[in-house]
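# Pasting a predicted model and its sequence here:
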Amino acid sequence: MSTTVVTCGADMFADAVAGQAVEVERVDWRPPMPGTEADLAAVATDPRRVEANRTAVEAMLGVTAHLVDVAPASEVLGLEKGQFLHAGPPIEWARTSGPLRGALMGGAALEGLVDDPEDAVALFESGDNVSLEPCHHRSAVGPMAGVVTPSMWMWVLEDRATGRRTYCSLNEGLGKVLRYGAYSPEVLTRLRWMGDVLGPLLQAVVRGTEEASDITGILTQMLQMGDEAHNRNRAGTLMLLRDLSPAMVTSGFESKDVADVLRFVGGNDHFFLNLAMPACKLALDAGRDVPGSTMVVAMARNGTDFGIQVSGTGDEWFTGPAQVAEGLFLGDYGPDDANPDIGDSAITETAGIGGFAMATAPAIVRLVGGSVPDALATTRRMHEITLAENPRWSVPVLEFQGTPTGIDVTKVCRTGILPQINTGMAGAVAGVGQVGAGLVTPPAEIFPKALAALAARAVGTSG
Amino acid sequence: MKDHVELRSGAYADSVTLLQVSRAVQASPGVVAAQVAMATGLNLEVLEAMGFDVPDSTPNDMVVALRLEGDADLAQALQAVDAALVPTRPSSGDTTEAPARTTASALRRAGAGAVALVSVPGASATVEAMDALESGHDVMIFSDNVPVAEEVALKTYASSRGALVMGPDCGTAVIDGVGLGFANTVRPGRIGLVAASGTGCQQLLALLHHAGEQLAARGTEGVGVRHALGVGGRDLSAAVGGLATREALRRLDADPDVDLVVVVSKPPAPEVAEALARDTEALATPVELGLLGRGQRDLTAVAEAVLARLGHDAPDWPVDGADDAATATGPLLRGLFVGGTLCDESMLLATQVLGPVRSNIPLSDDLALDPGELLADTHTFVDFGDDALTQGRAHPMIDPTLRNEQIARAAADPATGVILLDLVLGHGAEPDPASHLAPAIEAARRDRPIPVVVSLVGTDLDPQDLTAQREALVAAGAEVHLSNASATRRALDLLSRSEGAHQ
């Protein structure tokens, strides 16, 4: 026999084949997550699954995100006074964690609902004329706390082929910022400048530029320039600046404002994150709602719960407790100061970059507490739980292998390998801001929950 | 000459890679010129200069432009493009390669044409097997305890993909001379086997190999088995309906190196057997049906029929350690088997002489042993390889403990007149199974000389050394046959020589 035998199970049989001078590729098989066997079999034999996953993957990979507008959330999302968007799955005020509380309090002050952010606690407790809703329910994503209020300016990305759009706020930079739960006067002052100067200038630039920026294309290039587009966005930010600068100069805005904006964007290595995220969401949204598909279309955290949504189960969230990341801490902060995982930014990992593309970003592996070999191993390991390789997004150091794309709920349950997310860490107390960065995974139990829902919807034979 | 230009939106590779791809494609047969490139302005100019007409594109599209000779095959040229675009992966010296954790992952690494062999616990076997079928690979499922509904789902899907599911509960396959699972090493030849039975397949392999050796010694070469495709013991049941048997027959019929096909099965569902018999008539290759059942031929008779079809007489099947003075020590026959089909075959033969016999794999439901009962006060046949007895335990060909205990229990029962055993050699079986069975036989005969008849299924090319295994069993007091049918007849004959035989 000229071919290879793949063995999955008893080593004895692999040895017996190898003993006949035939090439053997052994599966390092281990039992699946406890209690998932019957659901795995039901989903595996669902006759729709193979084609459904192909459809979902192709739809996702077919999307190109163009930057088409910048505008206030009140205009593009129809967000009204008192309406707050936040990261992660749905949550009520009583269960919110420190950083989300802090960001909501700052947001209430920004919108003039209260004068002092501290007064917002009573407002949210009363629930009068305020409402909380996940960004994901409005085609949006928000990093960390992900709080969006009506006056905040949003990036608008569009898939030209379908007209589908996604949205994300503008990135404030690092340190004491609203998305990490800080709400001090300097935070609010910056946000007001972003609304008064940054947003309008970017709008003028984007609307005035004939050739819309291809965000997916920038992602392609930045992944070959040492960015993984979650915790390193340096090359992407500079490429964006390169694309937008000429139109800024000719925008007619005051040269001081233009200089301030150039300085702000150029000095914020994470500025592009808020474009990478909605680009990932735009791609993943195209893969939603394919009956029988086991592909994860969103991973998001609100600081209390970690939730996933799956293509074949519609808008249902499968949630479990968010974990605390392991990694490096700023200054005197330590693990006790860190809030559990928060933010919609795990949309990057869902789309196959961020932690999934760690191999391409050796420059930041130490920031998140790892080593270069760890980074290579992480990206390779993620291929074990994904459906495809992204032909556009490739990793030079892995022989230009495409990034691992399309998390398969069944493969996570089969292998017990959890999606690897690299993330910033917010302080547990409202108002503190960022305390570190590190590596985190979803709570394991949400994948068997999603699997059970897929099995319950499965068409076919076993049960 | 003809041009082919296509855009692949969403595909991306760096320019150096694409240069190499273009070069590789250019070297394939029938290709006059090839340019695979991202549709950047510069590349579009190059393509235009080459005379290609490129449709509207963006720099994020990949252009595949081919100029072929008039009679060249476009599909073949595009295959060359795809093959060249697959990134080459580091093959060795790379310690950070993640181990494959699923069959899908390992098959991606192994490439086209690989065969998967799944032997994980039955509850997880379907999932691994689907990985193989999804990517167009054949799979052998050794695992048992797979629900029949899952088997039907797997085989139905496989039929739509032209893939073959060998199993579940498929013990044996030989593909191009390579044994998978429990398989014997056999002389190459032009016979193709389809086996809904693991040990039935092994019995045929052993008998045909022995016959081939005998013929070769007399100067006639070429009698042997090329492929033995297992399909799982339930394939010819009413529920499964022979889905895999049909696919296996289709393949063997299409193989120009197969002259004769033999189908061997545990007792099939009558309607499935009838349909199968009709289907085989439509094949170009002659088919010998060896389906076990009441009134049907035993496996040895099937082997003899195969030899006759090829124009050869059957040899004398070897017997060693026969003691002409032996008599049964009690009225009852105890068949203790590791091979399910061997157990079936013996029961069918025994029933003709003894009337109904009881078993954990009974010929009809009313003859079932009570759950947990392995020894009744009547003739009993136990298949230790049955699902119920392998749950949470290795197959008896790997772990003989349970059967050895039962040999001792049968020996201690004064009603036991003859013990009938099998022992199966080959890849996957223990390295020296006689070293465990011989002491059990010796112990069983210590108090009284209970006749022990063993069918030793194996070939002289098997890793265990057939001769040494046979000698060890004979030295322990057993009579050893190559043919299970002949061993069974001998056991029945011995039983008739005791007082209480016709109770």
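Everything's here; your move. Numbers count the residues shown, from 1 in each chain, chains lettered A, B, ... in the order given.
# who in the stretch 351-463 of chain A is up against chain B?
With CB under 8 Å from any CB of the partner chain as the criterion, the stretch 351-463 of chain A meets chain B at residues A:373, A:376-377, A:380-381, A:383-384, A:391-394, A:396, A:399-402, A:410-411, A:414-415, A:417, A:460-462. (Each C-beta comes from the backbone N, C-alpha and C, glycine too.)
# one more time with 7 Å, if that's ok
Counting by CB under 7 Å from any CB of the partner chain, the residues of the stretch 351-463 of chain A close to chain B are A:373, A:376-377, A:380-381, A:384, A:391-392, A:394, A:399-401, A:411, A:414-415, A:417, A:460-462.
# Return the subset of the residues you listed lying in strands.
Per DSSP state E, strands hold the following members of these: A:391-392, A:394, A:401.
# so which of the residues you listed is the most crowded?
In terms of neighbour count, A:S394 stands highest of those at 23 neighbours, by other CB atoms under 10 Å in any protein chain shown.
# Who's the closest spatial neighbour of that one, skipping the chain neighbours?
A:F400 (4.4 Å; CB to CB, 6 or more residues apart in numbering or on different chains).
# you'd agree that neighbour is up against B:L18?
No - shown here, A:F400 and B:L18 do not form a contact pair, counting by CB atoms under 7 Å, at 10.8 Å.
# So what's the predicted local confidence for whichever residue of the stretch 251-400 of chain B sits closest to chain A?
Of all residues in the stretch 251-400 of chain B, B:I398 sits closest to chain A, at 7.0 Å by CB to the nearest CB. With respect to pLDDT, B:I398 scores 78.
# Contacts only, for it.
Contact analysis of B:I398 by CB atoms under 7 Å, 6 or more residues apart in numbering or on different chains lists B:E430.
# Tell me what the closest residue to chain A within the stretch 201-350 of chain B is bridged to.
The minimum distance from the stretch 201-350 of chain B to chain A, using CB to the nearest CB, falls at B:H227 (9.9 Å). In this entry, B:H227 is beta-bridged to B:G192, by DSSP bridges.
# I'd like to know how many residues surround it.
Considering only other CB under 10 Å, B:H227 is surrounded by 22 other residues.
# So for it, what's the pLDDT?
At B:H227, the model reports a pLDDT of 95.
# What of A:M239?
A:M239 carries a pLDDT score of 96 in this model.
# buried ones in stretch A:245-252?
Using 16 or more other CB atoms under 10 Å in any protein chain shown as the test for burial, stretch A:245-252 gives A:245, A:247-248, A:251.
# from those, which ones fall inside helices?
In helices, defined here by DSSP state H, the members of these are A:245, A:247-248.
# Give me the subset of these that also touch chain B.
Near chain B, by the rule CB under 7 Å from any CB, you find none of these.
# Tabulate these (CSV), appending pLDDT.
Formatted as CSV, these follow (pLDDT from 0 to 100):
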residue, pLDDT
A:S245, 94
A:A247, 94
A:M248, 95
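# so how many other residues sit close to the residue nearest to A:W93 when sequence neighbours are not counted?
Leaving out its chain neighbours, the residue that sits closest to A:W93 by CB to CB, 6+ apart is A:F124, at 4.4 Å. When neighbours are counted by other CB under 10 Å, A:F124 registers 21.
# List the buried residues for the helix or strand that A:F124 is a member of?
Secondary structure assigned from DSSP states H and E places A:F124 in helix A:120-126. By neighbour count with 16+ other CB under 10 Å, helix A:120-126 contains the buried residues A:120-121, A:123-124.
# Those residues: which two are farthest apart?
In these, two members sit farther apart than any others by CB to CB. They are A:V121 and A:L123, at 7.1 Å.
# picking up where we left off before, so between A:F400 and B:L18, which is more surrounded?
Comparing A:F400 with B:L18 by other CB under 10 Å, the one with more neighbours is B:L18, at 21 against 17.
# okay but the more buried one is in contact with B:Q35, surely?
No - using CB under 7 Å, B:L18 is not in contact with B:Q35, being 8.7 Å away.
# Name the residues contacting each of the two.
Taking CB under 7 Å, 6+ apart as the criterion, B:L18 and B:Q35 do not both touch any residue.
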